[in-house]
Structures are given as structure tokens and as C-alpha cells.
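>>> Give the three-dimensional model of this entry:
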Amino acid sequence: RPLAAGLGGAYSAVADGALSSSWNPFGLVTSEQSEVFFSHSSGYQVITVEHFAISFPVSDNSSLGASVTYLNYGTIDGFDASGQSTGELSAYDMSAGLSYGLSFTEQWSIGVTAKYIRQQLADYSGSAFAGDFGIRYSLARMSLAATFNNFGNKITFDNQAEDLPATARLGLAVRPFNDGFLAALDVSKDLKGGLKVYQGVELGFGNQYYVRSGFSRLVSDPNRSIIGSM
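You can find the predicted model right below:
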């Protein structure tokens with residue numbers, strides 16, 4: 001996920017190896033050996049994100065993967081209907097998934113993920129099952145991808161049922177000169193939301209050091225944009 005953040009979220013045609021199990025499962029087949037990935041991110045105030053992923057080949061053209069993402073909101077001051085303090089509350093979101101990627105030609109690869117989603121706020125919780133599907137077409141210096149994420153049943157939280165944030169996304173990744181330069185572009189549409197655009201570039205040095213920069217924005221509200229770099 002830090003790689004995707006550095007590219008401004010323009011990652012659907014780029015994802016490969018263990019990271020693909022939670023991003024785009026078709027990328028699992030790009031790795032010829034087992035991989036393990038772990039990241040920790042600290043955000044605003046006490047918000048933290050933990051992410052773990054693993055992948056391993058099961059044949060010459062297929063791989064399995066698993067991932068867990070845990071978003072911890074820390075503690076929140078609680079109050080009753082009269083405004084009296086009820087103490088501190090804890091809250092978190094969690095997603096765990098199993099993925100399978102298959103490459104059926106040198107250019108075409110597909111992948112699917114089945115996942116369990118849970119939200120917790122104090123004594124209240126909600127859960128749902130969902131699936132992701134992705135397909136990618138790759139050439140020597142260009143990749144095209146389409147992904148469909150979070151399609152599943154509604155999540156019920158305190159007797160209130162809500163749709164999952166289902167999303168369709170198209171991605172393009174190009175290495176026009178050599179492997180040391182990457183340009184990526186993603187366009188996504190929430191099933192019940194706006195259109196988003198993600199752009200990113202990467203410069204690599206000696207296959208060891210990388211500089212990344214990206215930009216994402218909500219088309220319906222240009223004032224809401226995020227710049228990422230690493």
C-alpha cells in the first residue's frame with residue numbers, strides 16, 4: 001500500500017506479487033517465488049493501518065495469496081443522549097481475503113479475491129462478505145487493467161444495512177523508455193459515488209532506489225485532491 005500511495009493510487013495496472021492479493025489479484029502470477037509483505041502506517045492523531053500479505057506459486061501460471069488489513073481508529077470519547085460522558089470507545093475496520101491469480105497467455109491474466117469485512121465500534125459490529133475480480137493485458141512496455149472491487153452483500157451495523165463501496169476501475173501503466181521510468185493512470189467509478197482520477201510517476205535507480213510522486217482527485221469536487229510522494 002505505501003507503493004500505491006506514492007503513485008497517488010494509480011496502481012491497478014502496476015500491482016504485482018504479494019501486494020496484489022489485496023489490490024488486484026491478477027498480479028499474483030508475476031512472481032516466481034513466495035513473497036511476504038508487511039507495512040505499518042500512522043495517520044492523523046492515533047489512526048494506524050496494518051497490512052499483511054503473502055503469495056506463493058502453485059503452478060507455472062497460477063498463484064495463491066492471502067491478505068489482512070486492519071485500520072485502528074484508536075479510542076474515541078463517548079457520550080450518551082444527554083451529553084454525559086460514557087468513557088472511551090474503541091473502533092476498527094478489518095478486511096481479510098484469499099486470492100487466486102491465473103495467467104492463461106503471455107499477455108492475459110485474471111484474478112479473484114474472496115474476503116470478509118468487519119467493522120467494530122464499542123459493542124456494535126457489522127460484517128459482510130465480498131469479492132474482487134480483475135483482468136490485465138500486458139505488452140512489453142504497457143499494461144491495461146480492469147478491476148471490480150467490493151461486490152457483495154450489505155453490511156448491517158446496529159440494525160442499519162448499508163451497501164459496500166463497490167467500485168469499477170480502469171488502469172494504464174507505461175514504461176516508454178526503460179524499466180527505470182513508469183507512468184500510471186487510473187480512473188475509478190464508485191457504484192454509488194463520483195468519478196476519481198489517479199496519476200503517478202516513478203523513477204528507479206539501479207533497481208534499488210525509487211522516487212515516486214502521484215496525484216489523485218475527485219472529479220465532481222476538484223478541491224478534494226491528494227498529493228503523494230515517497
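>>> roughly how far apart are the residue lying closest to residue 204 once chain neighbours are set aside and residue 112?
What sits nearest to residue 204 in space, not counting adjacent residues and going by Cβ to Cβ, 6 or more residues apart in numbering, is residue 180, at 4.4 Å. Placement of C-beta: from N, CA and C, glycine included. The gap separating residue 180 from residue 112 is 32 Å, by Cβ to Cβ, to the nearest Å.
>>> follow-up on the earlier one: tell me, how many residues neighbour the residue nearest to residue 204?
A count of nearby residues for residue 180, using other Cβ atoms under 10 Å, gives 13.
>>> Identify all contacting residues around the helix or strand harbouring residue 171.
Taking DSSP states H and E as the criterion, residue 171 maps to strand 167-174. Residues from elsewhere that reach strand 167-174 (Cβ atoms under 8 Å, 6 or more residues apart in numbering): 10-14, 141-150, 182-191.
>>> Inside strands: which ones of the residues you listed?
142-150, 182-190 (DSSP state E).
>>> Buried only: go through those residues for me.
Burial by neighbour count, 16 or more other Cβ atoms under 10 Å: within the ones in strands among the contacts of strand 167-174 this picks out 143-147, 149-150, 182, 184-188, 190.
>>> Turn those residues into CSV, including distance to residue 131 and pLDDT.
As requested, those are exported to CSV (distance: Cβ to Cβ, whole Å; pLDDT from 0 to 100):
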residue, distance to residue 131, pLDDT
143, 22, 93
144, 22, 94
145, 17, 94
146, 15, 94
147, 11, 93
149, 9, 92
150, 8, 91
182, 29, 91
184, 24, 93
185, 25, 94
186, 20, 94
187, 21, 93
188, 17, 92
190, 17, 87
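>>> So what's the predicted local confidence for residue 221?
What the model reports as pLDDT for residue 221 is 63.
>>> again but with residue 230, I slipped
49.
>>> which element is the nearest residue to residue 110 once chain neighbours are set aside on?
Excluding the flanking residues, the one nearest residue 110 by Cβ to Cβ, 6+ apart is residue 135, at 4.9 Å. For residue 135, the host element (DSSP H and E) is strand 124-138.
>>> which residues in the chain form strands?
Going by DSSP E, the chain shows strands at 35-42, 48-59, 62-79, 85-103, 108-121, 124-138, 142-152, 155-157, 160-162, 167-174, 181-190, 195-205, 209-218, 221-229.
>>> Direction included, what does the first one pair against?
Using DSSP bridges, the strands paired with strand 35-42 in its sheet are strand 48-59 (antiparallel).
>>> got it, and the fourth one?
Looking at strand 85-103 with DSSP bridges, its paired strands and their directions are strand 62-79 (antiparallel), strand 108-121 (antiparallel).
>>> got the buried residues for stretch 187-204?
By neighbour count on 16+ other Cβ under 10 Å, the buried set for stretch 187-204 is 187, 188, 190, 196, 197, 198, 199, 200, 201, 202, 204.
>>> re earlier: output the strands of the chain in CSV; the columns should cover distance to residue 27.
Output for the strands of the chain, formatted as CSV (distance: least, Cβ to Cβ, whole Å):
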stretch, distance to residue 27
strand 35-42, 11
strand 48-59, 9
strand 62-79, 9
strand 85-103, 7
strand 108-121, 7
strand 124-138, 7
strand 142-152, 9
strand 155-157, 27
strand 160-162, 29
strand 167-174, 11
strand 181-190, 13
strand 195-205, 16
strand 209-218, 17
strand 221-229, 20
